[in-house]
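> sequence? don't have it. structure:
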């Protein structure tokens, strides 16, 4: 199990197709369902999440404020 903090994102809701409540609630920007997620980008320590966050331009800053 990872002790990194991942960026929580609003992901795909497939609970009616077998996705667990835990998987739905812990979807991360890196694509995994992780135990430790945060909506605060400053808390993120996952290198993959950090890399994906850097790919967003300043025009996309609202994504992190409004989509969490």
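Nice, I can see it. Values in this document were obtained by computation on a predicted structure and should not be read as measured data.

> packing partners for the longest helix anywhere in the chain?
Counting by DSSP state H, the longest helix found in the chain is helix 47-55. Judged by 3 or more Cβ pairs under 8 Å, 6 or more residues apart in numbering; DSSP states H and E, helix 47-55 is in contact with strand 6-7. Backbone N, C-alpha and C define where each C-beta goes, glycine included.

> Buried residues, the longest helix of the chain. List them.
Within helix 47-55, the residues that count as buried by 16 or more other Cβ atoms under 10 Å are 48, 49, 50, 52, 53.

> Then stretch 35-47?
Quick answer for stretch 35-47 (16+ other Cβ under 10 Å): 36, 37, 38, 41, 44, 46.

> Spatially, which two of these are the most separated?
36 and 41 (14.3 Å; Cβ to Cβ).

> Tabulate the buried residues of stretch 35-47 in JSON lines, adding columns for secondary structure, distance to residue 8 and pLDDT.
Below are the buried residues of stretch 35-47 laid out as JSON lines (DSSP: H, G, I helix; E, B strand; the rest coil; distance: Cβ to Cβ, whole Å; pLDDT from 0 to 100):
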{"residue": "36", "secondary structure": "coil", "distance to residue 8": "10", "pLDDT": "92"}
{"residue": "37", "secondary structure": "strand", "distance to residue 8": "4", "pLDDT": "94"}
{"residue": "38", "secondary structure": "strand", "distance to residue 8": "6", "pLDDT": "94"}
{"residue": "41", "secondary structure": "helix", "distance to residue 8": "10", "pLDDT": "92"}
{"residue": "44", "secondary structure": "coil", "distance to residue 8": "9", "pLDDT": "95"}
{"residue": "46", "secondary structure": "coil", "distance to residue 8": "11", "pLDDT": "95"}
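
> Cool, thanks, signing off.
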